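>>> No letters, just coordinates:
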């Protein structure tokens, strides 16, 4: 086959695939695996995988299902699930009908649909940084340009000033994308800040897409959903998910909620293209919402306890800049280090204390301009109390050794 | 809020969403619902939803699962599933390793990943028409241009001539996408035709993406997977799914199989972005492949029986142009009608025989140039024998009435 030689003269594979950055959360995995294979205990402060059991009663109910054929369901999601979700939303936002709720394959797909339904190729979306890294990935693959507005650790990552957003709006801007409560910052936006931003959004004829997957994890201050303001309905798209609330990340069930009819129409077409969301995950979700009870309250209490432990641990670290996060289970911390990627890698490859080390996410991957996160790390506090204490202690000693 | 008025002067929502065509398979649904609500029996020849039970032993095994937390799994899919799938492929293609198998959320996601990994924005993919309508949808949303090569009913939709493909290749062409066995045509490509096309693909430095989700449904002639030829590995991407084989459409589990390392790298990044495929569907799939036994053989026998019934039914229809499909469970038929969209709608809104009518998919949606499918419909033979007979009889009378 003489022609094979010709092949290497051209790139084989798209540049949008090859140039896409690796996930900042997962890119250190090989070093962690290597350490573990040598018997080192790695304490994971890097991922947002809750360790609280999925509601056992919902898992049990799934086993009673007698459906003989796992058929395609409706593209917009099972009506029974959409109805329990709409009932849940009605607690705080009475205008939401089940027809405004579209079930997606995780919040990931809802983000993708929201970006595609609001932005054409080469349009722009404004996102406060640091942001959930996959926002950048989904924007990139769908040909949407991300324009970052920087929020700062000294302001505890509160919403950037309205004038900062306004300065970035161009003819190509179609949407502003927020995460509230915030991953990776743990911030909670105030009612006043959200309302001002919505006024700007209406004035400039944009969409406000808000990822509210951590809505149930607020520890001080009150959570304000953008579904809960009247007069802006046509401009608001909310992203939600069962992953964190019900410790069901593997179910792959999320939601896109909007009252805008044109967005609904586009979302339904995108949804029809991929046929339907996963059946089993939808049934689990339905049972979870039905038996919601005090499950979330108990989970919240556990995270409050862990947040306190994290905060005490940070107080022991000389030279760290930190704050007490209000919500979610993440915290961005500025450490006295030269380069967080280098430090996080070193923790896995070199540092050991009692045959143990810590894994964290370097914050550079959460900024559009990676330089801004060079001294910062994201800590997820989803470890049980004992392990969390051990991890913070380990981190304290690691910093001393690293800087000496 | 004075500013709301400004809003309507600009389009709110992306044109890629609003301009996307509705699914040709699902667009007649409202008329079917309307008829059913009036007590009319609608016989569905329009959808590829198998009516054969999902393997009961696999559903049973799922109930024995005791996992307490439904966690994120690996982005590339559960290793246990990838291994049973690789074992299955080894039967005919010994070089496939489990690391070449990426689990996706249905074949839909695999198609999307394959297009994005091979094509950049404004690149071109060549597809023989008539084609599975969602190929066009996925291409559109990912900014890839579809270039159609027409296959013809008088050739039983066999692979178009090599020169037809060659004539369409430009600098922007990055891939050729086939469905084999074919939806919507039921065609099965020959070994010789596939090999010639692969030689062209290598010569022109392209990718050959083949959707083989109907691979197990071949009734005469032999199926040749493109994974089963040596020397072309770096250019081949196969799409597969458990949906049809195991009657598990709602599980949302598919596969992308390739030995090309660069494509693997891009696919892994796309996969990390959406975190992981659905846990429960993956477990079901794993149990299905493990207990594969004679399940597929029995399903195949059932479809052969139905194919014969369909064929006898077609022989009764004056003026129809048809052939006996070799594989899958679809058939494109040219009917003596002016406009298949009009006819298919009329069947639902006007025609009744013994309070019964038939739903079919107008073939225009399967052609890039809708005009070409104006006289054709796609018939899916996934109804049980009794209903299929009734449906074909109903169609015969409907044509007489429509044309009188």
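It's in. Remember, it's a predicted structure, so these values are computed and weren't measured experimentally.

>>> For the rest of this, base every contact and every neighbour count on C-alpha atoms.
Fine.

>>> which of the residues in the strand or helix carrying residue A:344 are buried?
According to DSSP states H and E, residue A:344 maps onto helix A:340-349. Burial within helix A:340-349, assessed by neighbour count using 16 or more other C-alpha atoms under 10 Å in any protein chain shown, is assigned to A:340, A:341, A:343, A:344, A:345, A:346, A:347, A:348.

>>> Quick check: the fourth one touching residue A:362?
Yes - using C-alpha atoms under 8 Å, residue A:344 is in contact with residue A:362, at 6.5 Å.

>>> before we move on, the earlier item: quick one: mean pLDDT over the helix holding residue A:344.
Mean pLDDT, computed over helix A:340-349, is 96.

>>> cool, stretch A:393-404 as well?
Rounded mean pLDDT across stretch A:393-404 is 96.

>>> go on, stretch A:153-162?
Stretch A:153-162 comes out at a mean pLDDT of 97.

>>> chain center to that stretch: distance?
Computed by C-alpha atoms, centre = their mean, to the nearest Å, the separation of stretch A:153-162 from the middle of its chain amounts to 18 Å.

>>> Provide the contact partners of that stretch at residue level.
A:128, A:149-152, A:185, A:187-189, A:193, A:196-197, A:200, A:321-323, A:325, A:332 (C-alpha atoms under 8 Å, 6 or more residues apart in numbering or on different chains).

>>> mind running it again at 6 Å?
Residues from elsewhere that reach stretch A:153-162 (C-alpha atoms under 6 Å, 6 or more residues apart in numbering or on different chains): residue A:151.

>>> Kindly provide the distance from residue A:400 to chain B.
34 Å (C-alpha to the nearest C-alpha, to the nearest Å).

>>> hmm, I was thinking of residue A:384
Distance from residue A:384 to chain B, by C-alpha to the nearest C-alpha: 15 Å.

>>> Could you do residue A:56 as well?
Distance of residue A:56 to chain B, given as C-alpha to the nearest C-alpha: 7 Å.

>>> tell me the pLDDT at that residue?
96.

>>> Next: the one 4 residues further on.
Confidence at residue A:60, expressed as pLDDT, is 96.

>>> give me the element it is part of.
Using DSSP H and E, the element containing residue A:60 is helix A:56-63.

>>> So what's the residue count around residue A:64?
9 (other C-alpha atoms under 10 Å in any protein chain shown).

>>> Quick check: phi and psi on it?
phi -90, psi -10 (degrees, to the nearest 10).

>>> For residue A:124, give me phi and psi.
phi -120, psi 150.

>>> Does it touch residue A:145 like I think?
Yes - here residue A:124 reaches residue A:145: they are 4.6 Å apart, a contact under C-alpha atoms under 6 Å.

>>> Of the two, which one has the most company?
residue A:124 (25 against 19).

>>> and that one, what are its bridge partners?
In this entry, residue A:124 is beta-bridged to residue A:145, residue A:173, by DSSP bridges.

>>> Tell me the confidence at it?
The model's pLDDT for residue A:124 equals 98.

>>> do the same with the one 3 residues further on
Residue A:127 is assigned a predicted lDDT (pLDDT) of 98.

>>> repeat for the one 4 residues further on
The pLDDT attached to residue A:131 in the predicted structure is 97.

>>> Got the phi and psi for it?
phi -130, psi 160.

>>> Please tell me how far the residue lying closest to it once chain neighbours are set aside sits from chain B.
Leaving aside its sequence neighbours, residue A:131 sits nearest to residue A:366 (C-alpha to C-alpha, 6 or more residues apart in numbering or on different chains; 5.1 Å). Plainly put, residue A:366 is 14 Å away from chain B if you go by C-alpha to the nearest C-alpha.

>>> what about residue A:366, distance to residue A:128?
Per C-alpha to C-alpha, to the nearest Å, residue A:366 is found 10 Å from residue A:128.

>>> name the element residue A:166 belongs to?
Here residue A:166 is assigned to helix A:162-168, by DSSP H and E.

>>> Distance from the chain centre to that helix, please.
Going by C-alpha atoms, centre = their mean, the spacing between the C-alpha centre of helix A:162-168 and its chain's C-alpha centre is 24 Å.

>>> Stretch A:201-220 now?
Counting by C-alpha atoms, centre = their mean, stretch A:201-220 comes out at 13 Å from the chain centroid.

>>> what's it in contact with?
A:174-181, A:235-241, A:300, A:326-328, B:3, B:7.

>>> now those residues: which count as buried?
A:174-181, A:235-241, A:300, A:326-328, B:7.

>>> So what does residue A:272 look like in phi/psi?
phi -60, psi -30.

>>> In a helix, residue A:231, correct?
No - counting by DSSP: H, G, I helix; E, B strand; the rest coil, residue A:231 falls outside a helix, being coil.

>>> mind checking how far it is from residue A:95?
Applying C-alpha to C-alpha to residue A:231 and residue A:95 gives a distance of 11 Å.

>>> Give me the more crowded residue out of the two.
Shown here are residue A:231 and residue A:95; by other C-alpha under 10 Å, residue A:95 has more neighbours (15 against 12).

>>> Quickly note the distance from residue A:101 to chain B.
18 Å.

>>> now that residue, nearest residue through space, not along the chain?
For residue A:101, ignoring the flanking residues on the chain, the nearest one in space by C-alpha to C-alpha, 6+ apart is residue A:257 at 4.7 Å.

>>> The helix or strand hosting residue A:388 vs helix A:340-349, what angle?
Assigning secondary structure by DSSP H and E places residue A:388 in helix A:385-403. Per axes from the mean of the first three to the mean of the last three C-alpha atoms, to 10 degrees, the angle that helix A:385-403 makes with helix A:340-349 is 110 degrees.

>>> And helix A:385-403, what does it pack against?
Judged by 3 or more C-alpha pairs under 6 Å, 6 or more residues apart in numbering or on different chains; DSSP states H and E, helix A:385-403 has no packing partners among the helices and strands.

>>> Same question for that helix: list its buried residues.
A:385, A:388, A:389, A:391, A:392, A:393, A:394, A:395, A:398, A:399.

>>> Show residues contacting that helix.
A:306, A:313, A:317.

>>> who touches the last one in this structure?
What that stands for is residue A:317. Per C-alpha under 6 Å, 6+ apart, neighbours of residue A:317: residue A:396.

>>> how about it, secondary structure?
Following three-state DSSP, residue A:317 is assigned to coil.

>>> related to what we said a few turns ago, in strands, which of the contacts of stretch A:201-220 appear?
Secondary structure defined by DSSP state E assigns A:174, A:175, A:176, A:177, A:178, A:179, A:236, A:237, A:238, A:239, A:240, A:241 of the contacts of stretch A:201-220 to strands.

>>> Contacts only, for the residue lying closest to the last one once chain neighbours are set aside.
Beyond its immediate neighbours in the sequence, the residue positioned closest to residue A:241 (C-alpha to C-alpha, 6+ apart) is residue A:254, lying 3.8 Å away. The contact partners of residue A:254, taken as C-alpha under 6 Å, 6+ apart, are A:103, A:104, A:105, A:106, A:107, A:240, A:241.
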